[in-house]
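Enquirer: When you get a sec, could you give me coordinates for this:
(one chain, ligands or ions: 1)
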Amino acid sequence: MNRVKCLIIGSGPAGYTAAIYASRANLEPVLIEGPQLGGQLTTTTEVENFPGYPEGVEPFQMMDDMKRQAERFGTKYVSGIVTKVDFSTSPKKVWVEDTEEYEADAVIIATGASAKYLGIESERTYRGRGVSACATCDGFFYRKKTVAVVGGGDTACEEANYLAGLCEKVYMIVRKPYLRASEIMQQRVLNNPKIEVLFEHNTLCLTGEGKVQGADLVYRKGEPDEAVKHIDIDGFFLAIGHHPNTDLFKEFINRDAEGYIIVDGDSPRTNVPGVFAAGDCADPHYRQAIVAAGSGAKAAIEADKYIKSL
Ligand code: NDP
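Expert: Coordinates of the predicted model:
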């Protein structure tokens, strides 16, 4: 069993920022890195909107900078996945890979969120064989090919633009008659000759022999002009949002209907004293690296106050 003052779960901007603050406050934090080192940000191409990087920065570089910054003040890292928690006692108990047990005075949950899928059968059939939720990770395999991106938000636009730099053609499958993305991202998509936006289309199924070779779409389902359309594609990229990685905590921590951790107003306090939530796992609205980092700082400050009050 390992006894620590402050345990941080998650290695995205929230987790690392919490670690920087907690280690500078002498809480000697241990950070469990989880399944995706560096968090969701590492699935993007370039970070252009994090203050301090006027020329933009590669996400892996930025996350490594944060990690080293926290390490400098004494943060210890554990690679592994948290499989069980018990927040009914004080100190709180956390198990990594079911075997390694930690007891902590304070726990900061910074587990982020994961990509959503449409839930259609063929999406599962072709997972890893043409279906992906990360253009930066998998786009390379589709050089000079034709792909589709589902979604109309900032992520979808960013992924479509990125893929247009590699692929012959990119379809965007958008269920509404407009894009939800910010104006600048919309313009980049609409002005890119390689991207064709299919507004008011939904995906019925994917087709192909052993790998994705096409998709059947429906235009304006339920309307008098409803029509089915087939597109030939080699890759199908999901960019329809995320769900928070909080199931592990549901027995102890209050969450909203979508699974986001409910915090006490502007603070990172959860319903369990000594357990704090930071970043996308508790943020259904902003979901930005800079916001996650800010909430990580708040969580560490609150954890410090809590530990001193024990
Ligand atoms: P969003 O929730 O903003 O957008 C999701 C998109 O997917 C919407 O167009 C939505 O359609 C569509 N969608 C959802 N479910 C389905 C479905 N079942 N079938 C078809 N389409 C579906 O998620 P994002 O990941 O794009 O963005 C999340 C947050 O992160 C936002 O706040 C965004 O601004 C931010 N972000 C910022 C970036 C930046 O600034 N560089 C980059 C990426 C993200 P509908 O509109 O109809 O609901």
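Enquirer: phi, psi of the closest residue to the ligand within the stretch 151-300 of the chain?
Expert: Minimum separation of the stretch 151-300 of the chain from the ligand (C-beta to the nearest ligand atom) falls at Gly153, amounting to 2.4 Å. C-beta coordinates here come from the backbone N, C-alpha and C atoms, glycine included. For Gly153, the backbone dihedrals are phi -90, psi -170 (criterion: degrees, to the nearest 10).
Enquirer: Which residues lie in contact with it in this structure?
Expert: Contacts here follow C-beta atoms under 8 Å, 6 or more residues apart in numbering; on that basis Gly153 touches Leu179, Arg180, Ala181, Ala239, Ile240, Gly241.
Enquirer: So the third one is in contact with Val149, correct?
Expert: Yep, that's Ala181 we're talking about. No - if you go by C-beta atoms under 8 Å, Ala181 and Val149 don't touch, sitting 11.6 Å apart.
Enquirer: between the two, which one's more packed in?
Expert: More neighbours surround Val149 than the other of Ala181 and Val149, with 31 against 21 (other C-beta atoms under 10 Å).
Enquirer: what are the phi and psi values for that one?
Expert: phi -120, psi 130.
Enquirer: How about the contacts made by it?
Expert: Taking C-beta under 8 Å, 6+ apart as the contact definition, Val149 lies against Ala135, Ala156, Glu159, Ala160, Leu163, Val170, Tyr171, Met172, Ile173, Phe237, Ala239.
Enquirer: could those be laid out in TSV, adding distance to the ligand and pLDDT?
Expert: Formatted as TSV, the contacts of Val149 follow (distance: C-beta to the nearest ligand atom, whole Å; pLDDT from 0 to 100):
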residue	distance to the ligand	pLDDT
Ala135	11	87
Ala156	6	96
Glu159	9	93
Ala160	11	97
Leu163	14	97
Val170	16	98
Tyr171	13	98
Met172	10	98
Ile173	7	98
Phe237	12	96
Ala239	6	95
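Enquirer: Just flag the most distant two among those.
Expert: For these, the farthest-apart pair by C-beta to C-beta is Ala135 and Ile173; their separation is 14.1 Å.
Enquirer: I'd like the mean pLDDT over stretch 64-78, please.
Expert: Throughout stretch 64-78, pLDDT has a mean value of 97.
Enquirer: got the residues of the protein near the ligand?
Expert: Residues of the chain lying near the ligand by C-beta under 6 Å from any ligand atom: 49, 118, 150-156, 158, 175-176, 180, 240-241, 287.
Enquirer: For beta bridges, what are the partners of Val47?
Expert: Val57 (DSSP bridges).
Enquirer: Contacts only, for it.
Expert: Contacts of Val47 (C-beta under 8 Å, 6+ apart): Leu41, Tyr53, Gly56, Val57, Glu58, Pro59, Met62, Ala289.
Enquirer: Count the residues that sit near the spatially closest residue to the fifth one that is not a sequence neighbour.
Expert: Distances taken as C-beta to C-beta, 6 or more residues apart in numbering put Glu46 closest to Glu58, at 6.4 Å, once the chain neighbours are dropped. Neighbour count for Glu46, taken as other C-beta under 10 Å: 16.
Enquirer: Name all residues that make contact with Glu46.
Expert: Gly56, Val57, Glu58, Pro59.
Enquirer: before we move on, the earlier item: so which of Ala135 and Ile173 has more stuff around it?
Expert: Neighbours were counted for Ala135 and for Ile173 using other C-beta under 10 Å; Ala135 has more, 30 against 27.
Enquirer: Tell me the buried residues within the residues of the chain next to the ligand.
Expert: Leu118, Val150, Gly151, Gly152, Gly153, Asp154, Thr155, Ala156, Glu158, Ile240, Arg287 (16 or more other C-beta atoms under 10 Å).
Enquirer: Export these to a markdown table and append columns for distance to Glu251 and secondary structure.
Expert: Formatted as a markdown table, those follow (distance: C-beta to C-beta, whole Å; DSSP: H, G, I helix; E, B strand; the rest coil):
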| residue | distance to Glu251 | secondary structure |
| --- | --- | --- |
| Leu118 | 29 | coil |
| Val150 | 33 | strand |
| Gly151 | 32 | coil |
| Gly152 | 36 | coil |
| Gly153 | 32 | coil |
| Asp154 | 34 | helix |
| Thr155 | 31 | helix |
| Ala156 | 34 | helix |
| Glu158 | 36 | helix |
| Ile240 | 28 | coil |
| Arg287 | 25 | coil |
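Enquirer: Flag the least confident of these.
Expert: Arg287 (78).
Enquirer: Just give the nearest non-adjacent residue to that one, would you?
Expert: For Arg287, the closest residue by C-beta to C-beta, 6+ apart turns out to be Asp280, at 5.2 Å.
Enquirer: so where's this structure uncertain?
Expert: Residues of the chain that meet the criterion pLDDT under 70 lie in 43-45.
Enquirer: And the residue lying farthest from the centre of it, its phi and psi?
Expert: For the chain, the largest distance from the centre (C-alpha atoms, centre = their mean) belongs to Pro224, which lies 38.1 Å off. The phi/psi pair for Pro224 (degrees, to the nearest 10) reads phi -60, psi -30.
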